[in-house]
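J.: sequence? don't have it. structure:
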């Protein structure tokens, strides 16, 4: 190969490798590891700063290009791309502790340091050897052959990229969790529900985040069981994710990785004072206190008590009416009436402060409680609580209908509605139960039911 052709090939390969490096860095930092980098910045800054993928990728890419330019003075082509690739790998080689803290993997830190030092040493004392294995330049080691091997630089680039992927955290469950939490953080509910694999994600934290998204769409009792809920999961996952330690639950560390959980408490309308209690205990107490609070406000303003309402939405209407009546009374009634209204408001504020309620419990909290019973497979408690918020003869949300039908069939009770109105659902359940009984082997039974009935509460109830 003459010098002109060799120089042209070297220039072309240099441009190709530079393009590969830039495209790889952008793809790795902006598309693949953006949510992980957001978690790292949130953890290391204590939540003070936030990560923007565009600015973050731009700053990191510029830094990597500067590192590459400096290494080009010490190492031959294409090895000067190695240190920048190692930096990307080390940056994303992190482990997440149960308390949500982020730590760089010591193992990969040592490995990358050894590789970096080895490259520098070879750059000073073995530069001819590096040129030789790069396949592009004749050296004193190879005098007999004038040929070069253009594929060798591309092979080394592939090695560096593979090492970067090997070092970085590529845990699919963690990435799904982080992407879902980011979507919930910015209120992109549809995108949050489309993230991950609905039938295969097995993380309690992902279940919690999807419940938040569904609750904000008003779809919690309609679609919760369309997503896989890991075996052994309890209703506590709705507030605590996969955190089981009481100290971590109390502090809130580890439950959320990108925020402090404000989106969850904003969804249900209260912040529990004692976060070591079970979700069902918290919800039942807060809903009961909310009902008493509404009743006291209504009674103070001469209205019927909110206890007569059958649903939380009706209770909310009573609250609005009570507020309007209080405003009207204060403008036209004697001062004594205004004093009574003021006393009631003061009492309500005191109760709110003492119970940990920051503002009125939102209607979706009742669905959290009912779905918590369903997750625990506690149909008896579910049927006890359901009439407090829904009329069982009305058109219930999908999972509530399925649970009611299942409860009455298991206990051989008559349905409270006309069978003709739910004939299709009864036929589906009969088919489901026939498949259940026809397959005694748990693996075969699960496979047969999953194909047709995944997404129903019946499938979840009998899954193992």
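T.: Arrived safely. These numbers come from a predicted model, not from an experiment.

J.: C-alpha only now, for contacts and for neighbours.
T.: Noted.

J.: what comes up buried for stretch 54-71?
T.: For stretch 54-71, a neighbour-count test (16 or more other C-alpha atoms under 10 Å) marks 56, 57, 60, 61, 64, 65, 67, 68, 71 as buried.

J.: immediately after the helix ranked longest in the chain, which helix or strand?
T.: For the chain, the helix with the greatest residue count under DSSP state H is helix 3-26. Sequence-wise, the next helix or strand downstream of helix 3-26 (DSSP states H and E) is helix 34-44.

J.: if I look at residue 217, how far off is residue 173?
T.: The gap separating residue 217 from residue 173 is 24 Å, by C-alpha to C-alpha, to the nearest Å.

J.: neighbour count winner among these two?
T.: It is residue 173, of residue 217 and residue 173, that has more neighbours when counted by other C-alpha atoms under 10 Å, with 16 against 11.

J.: mind listing what residue 108 touches?
T.: Shown in contact with residue 108 (C-alpha atoms under 8 Å, 6 or more residues apart in numbering): 90, 93, 167.

J.: if you set the cut-off to 10 Å instead, what comes out?
T.: 86, 89, 90, 93, 94, 114, 166, 167, 168 (C-alpha atoms under 10 Å, 6 or more residues apart in numbering).

J.: cool, residue 72 as well?
T.: Per C-alpha under 10 Å, 6+ apart, neighbours of residue 72: 66, 78, 79, 80, 81.

J.: please redo it, this time with the cut-off set to 7 Å
T.: The contact partners of residue 72, by C-alpha atoms under 7 Å, 6 or more residues apart in numbering, come to residue 80.

J.: Can you point out the buried residues in the longest helix of the chain?
T.: In helix 3-26, counting by 16+ other C-alpha under 10 Å, buried: 6, 10, 13, 14, 17, 18, 20, 21, 25, 26.

J.: Show residues contacting it.
T.: So helix 3-26 is contacted by 57, 61, 154 (C-alpha under 7 Å, 6+ apart).

J.: Ok, stretch 412-430 next?
T.: Residues contacting stretch 412-430 (C-alpha under 7 Å, 6+ apart): 393, 408.

J.: Over to stretch 442-450?
T.: Residues contacting stretch 442-450 (C-alpha under 7 Å, 6+ apart): 435, 436, 439, 459, 463.

J.: can you pull the buried residues of it?
T.: In stretch 442-450, counting by 16+ other C-alpha under 10 Å, buried: 445, 446, 448, 449, 450.

J.: likewise stretch 82-100?
T.: 82-94, 96, 99-100.

J.: Now do the end-to-end distance for stretch 18-32.
T.: In stretch 18-32, first residue to last residue: 20 Å (C-alpha to C-alpha).

J.: Helices along the stretch 151-300 of the chain, start to end?
T.: For the stretch 151-300 of the chain, helices defined by DSSP state H, counting those that start in this stretch occupy the ranges 151-167, 172-185, 189-194, 204-216, 220-223, 237-240, 246-251, 262-268, 279-300.

J.: In terms of secondary structure, what does the third one contact?
T.: Using 3 or more C-alpha pairs under 7 Å, 6 or more residues apart in numbering; DSSP states H and E as the contact criterion, the neighbours of helix 189-194 among helices and strands are helix 172-185, helix 204-216.

J.: Same question for the second one.
T.: Secondary structure elements in contact with helix 172-185, counted by 3+ C-alpha pairs under 7 Å, 6+ apart, are helix 34-44, helix 189-194, helix 204-216.

J.: how about the contacts of stretch 442-450 in a markdown table, adding pLDDT?
T.: Converted to a markdown table, those look like this (pLDDT from 0 to 100):
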| residue | pLDDT |
| --- | --- |
| 435 | 92 |
| 436 | 92 |
| 439 | 87 |
| 459 | 95 |
| 463 | 88 |
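
J.: Return the closest of those residues with respect to residue 396.
T.: Minimum distance to residue 396 across these is 18.7 Å, recorded for residue 459 (C-alpha to C-alpha).

J.: quick one: the residue nearest to the closest one when sequence neighbours are not counted and residue 74, what's the gap?
T.: Nearest non-adjacent residue to residue 459, counting by C-alpha to C-alpha, 6 or more residues apart in numbering: residue 453, 6.1 Å away. As judged by C-alpha to C-alpha, residue 453 and residue 74 stand 62 Å apart.

J.: Repeat that for residue 427.
T.: Look at residue 427 and residue 74: by C-alpha to C-alpha, they are 75 Å apart.

J.: For those two, indicate the residue with more neighbours.
T.: residue 74 (17 against 11).

J.: The more buried one against residue 121, yeah?
T.: No: distance between residue 74 and residue 121: 9.7 Å, which falls outside the contact criterion (C-alpha atoms under 7 Å).

J.: how close does the residue nearest to residue 459 sit to residue 399?
T.: Where residue 399 is concerned, residue 453 sits at a distance of 13 Å (C-alpha to C-alpha).

J.: Compare the two (neighbour count), which wins?
T.: Shown here are residue 453 and residue 399; by other C-alpha under 10 Å, residue 399 has more neighbours (22 against 18).

J.: Assign the more buried one to helix, strand or coil.
T.: helix (DSSP: H, G, I helix; E, B strand; the rest coil).

J.: wait, it sits on residue 222?
T.: Yes: with contact defined as C-alpha under 7 Å, residue 399 reaches residue 222; the gap is 5.7 Å.

J.: Okay, buried residues for stretch 201-221 please.
T.: 201-216, 219-221.

J.: ugh, wrong one, stretch 29-48
T.: Buried residues in stretch 29-48, counted by 16+ other C-alpha under 10 Å: 29-30, 33-43.

J.: For this protein, which element, helix or strand, carries the lowest mean pLDDT?
T.: helix 335-355 (a mean of 36; mean pLDDT, DSSP states H and E).

J.: which is the next helix or strand following that helix?
T.: Beyond helix 335-355 in the direction of the C-terminus, DSSP H and E gives the next helix or strand as helix 364-375.

J.: Helix 204-216 and that next one, what's the angle between them?
T.: 140 degrees (axes from the mean of the first three to the mean of the last three C-alpha atoms, to 10 degrees).

J.: May I see the buried residues of helix 364-375?
T.: Buried residues in helix 364-375 (16+ other C-alpha under 10 Å): 364, 365, 366, 367, 368, 369, 370, 371, 372, 373, 374, 375.

J.: Once you drop chain neighbours, what's closest to residue 183?
T.: Using C-alpha to C-alpha, 6+ apart, the closest residue to residue 183 is residue 192 (5.1 Å).

J.: Which helix or strand contains residue 74?
T.: Assigned by DSSP H and E, residue 74 belongs to no helix or strand.

J.: pLDDT score for the residue nearest to it when sequence neighbours are not counted?
T.: Nearest residue to residue 74, sequence neighbours excluded (C-alpha to C-alpha, 6+ apart): residue 123, at 5.9 Å. The model reports residue 123 with a pLDDT of 72.

J.: Please renumber the chain so that the first residue is 617 from this point on.
T.: OK, 617 is where the count begins now, so the last one is residue 739.
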